[in-house]
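Peer 1: generate coordinates for the sequence data below:
(one chain, ligands or ions: 2)
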Amino acid sequence: MTIVTAAVLHARGAPYVLEQVDLVEPGAGQIRIRIHACGICFTDVGVQNYEQGLPLPQVLGHEGAGVVEAVGPGVTGVAPGDHVVLSYASCGQCVRCAEHAPQYCRQFLALNYAGALPDGRVPMHGADGPIAAAFFGQSSFATHVIAYERNTVKVPADLPLAMLAPFGCGLQTGAGTVYNSLAPAAGQSLGVFGTGSVGLAALMAAADIGCTPLIAVDRNPARLDLARELGATHTILADGRDVTAAIRAILPDGIDHIVDTTGVGPVIRAGVEALASRGQLAMLAVTPPGTEITIDPNMLLGGKALRGAVEGDADPQAFIPWLIARHCAGRFPHERLVTTYPFSAINEAVADMKAGKVIKPVLLMS
Ligand SMILES: [Zn+2]
Ligand SMILES: [Zn+2]
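Peer 2: Ligands and ions are numbered 1, 2, ... in the order given. Okay, here's the model as predicted:
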């Protein structure tokens, strides 16, 4: 056991409490990582606040970045001292993993949400007993975690870990939905609905590809100003106006691609109505249970597609180093989205994120 500091969630909707807990030693195929930084994602906020059948007490956090401290038997891909970014876990053995689509792993829920390691051990223990961890194969709201070879991605040691942490989920999700799921050609039109960190990552990817017009839609005028700085050619303030009509005023034949990050039924419907023939809308938000979308099925004729995407259809081992290289080449300037906080200010960081004051808070553990 190693004594570590973790931000423990004891009840839904409660603030995190920083506590000393015991972390188990890495077993076969497992890795102990000293976490230097961890981004906060809206999935953390959702699990913190809404009952989804997950065990409590629990440690969340799934955008960890740090340095490998120890490896268990059989680990060959990383060694102590390696700088790494942590992403979601996958089994490596199912049909989806064999198709190089680990984001649709048949074991995805068990490996990312169950709170225990695949060998059955609960990774963390506090004064009152076991603490569910292994969230997204990490639980990185902590100074040290246990992860696996498949979700531990080696990164260059000369880059700041605080800037690399959000590649593990939010940036991968937004950028991957454009580069991998929609794969637009240069010169095709693309819209982004919702310009939080995931939406702005999608927008930067579309700008990198050369999509035009590139249209950002949001309720927050300040976010639309930033979207313009990051490459949007047009912005639409979602202040109750008809977004479909606003898009068709720019593109009378409709828009080729839309990334929806809102998960709001009427917004998705407005997007489908704005698609050009052969246009496609990818939705990536987790919506509350019971949400329904009504569309006229005729709207999908003309070769249009409405589809979902998880983690940007990205295999983290290939995509994260590729996207980091894009960043280093100046083609993915995500540092504009990041605000850092000391680990002890985790509750303030979450509050600022929910209030829209910051786009991508990143906690610093060291
Ligand atoms: Zn699998
Ligand atoms: Zn996430």
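Peer 1: around ligand 2, which positions in the protein sit nearby?
Peer 2: By CB under 5 Å from the ion, the part of the chain that sits against ligand 2 consists of 41, 43, 169. (Each C-beta comes from the backbone N, C-alpha and C, glycine too.)
Peer 1: and with 8 Å instead?
Peer 2: Neighbours of ligand 2 within the chain, by CB under 8 Å from the ion: 41-44, 62-63, 136, 168-170, 173.
Peer 1: what about the helices in the chain?
Peer 2: 42-49, 95-98, 108-113, 161-164, 170-176, 197-209, 221-229, 243-250, 265-274, 316-328, 346-354 (DSSP state H).
Peer 1: near ligand 1, which residues of the stretch 101-250 of the chain?
Peer 2: So the stretch 101-250 of the chain meets ligand 1 at 102, 105-108 (CB under 8 Å from the ion).
Peer 1: just the buried ones from those residues, in PyMOL syntax?
Peer 2: In PyMOL, this line selects whichever of those come out buried by 16 or more other CB atoms under 10 Å:
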select buried, resi 102+105+107+108
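Peer 1: ok, back up a step: mean pLDDT and distance to Arg12 added to the helices of the chain, as TSV?
Peer 2: Formatted as TSV, those follow (pLDDT from 0 to 100; distance: least, CB to CB, whole Å):
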stretch	mean pLDDT	distance to Arg12
helix 42-49	93	6
helix 95-98	97	31
helix 108-113	95	15
helix 161-164	98	29
helix 170-176	98	22
helix 197-209	98	23
helix 221-229	97	28
helix 243-250	98	33
helix 265-274	96	25
helix 316-328	98	29
helix 346-354	97	14
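Peer 1: most tightly packed of these?
Peer 2: Among the helices of the chain, ranked by average contacts under mean count of other CB atoms under 10 Å, first place goes to helix 170-176 (a mean of 30).
Peer 1: which strands and helices sit next to it?
Peer 2: helix 197-209, helix 316-328 (3 or more CB pairs under 8 Å, 6 or more residues apart in numbering; DSSP states H and E).
Peer 1: and the ones you listed: which comes nearest Arg307?
Peer 2: Among the helices and strands packed on helix 170-176, helix 197-209 comes nearest to Arg307, with 14.4 Å by CB to CB.
Peer 1: would you mind pulling up the elements that the closest one packs against?
Peer 2: Taking 3+ CB pairs under 8 Å, 6+ apart as the contact cut, helix 197-209 packs with helix 170-176, strand 190-193, strand 214-218, helix 221-229, strand 255-260.
Peer 1: any chance of JSON lines for the residues of the chain next to ligand 2, columns distance to Val78?
Peer 2: Converted to JSON lines, the residues of the chain next to ligand 2 look like this (distance: CB to CB, whole Å):
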{"residue": "Cys41", "distance to Val78": "23"}
{"residue": "Phe42", "distance to Val78": "29"}
{"residue": "Thr43", "distance to Val78": "25"}
{"residue": "Asp44", "distance to Val78": "25"}
{"residue": "His62", "distance to Val78": "18"}
{"residue": "Glu63", "distance to Val78": "18"}
{"residue": "Phe136", "distance to Val78": "18"}
{"residue": "Gly168", "distance to Val78": "15"}
{"residue": "Cys169", "distance to Val78": "19"}
{"residue": "Gly170", "distance to Val78": "23"}
{"residue": "Thr173", "distance to Val78": "23"}
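Peer 1: returning to what we had before: out of the helices and strands packed on helix 170-176, the one nearest Ala186 is which?
Peer 2: Closest among the helices and strands packed on helix 170-176, once you apply CB to CB, is helix 197-209, at 5.7 Å.
Peer 1: now do that closest one and strand 255-260, the angle between them.
Peer 2: Interaxial angle of helix 197-209 relative to strand 255-260 (axes from the mean of the first three to the mean of the last three CA atoms, to 10 degrees): 150 degrees.
Peer 1: how about residues contacting helix 197-209?
Peer 2: 41-42, 166, 170-171, 173-179, 184-186, 190, 192-193, 195, 214, 216, 218, 223, 226-227, 230-232, 257, 259, 261, 284, 326, 331-334, 337, 359-360 (CB atoms under 8 Å, 6 or more residues apart in numbering).
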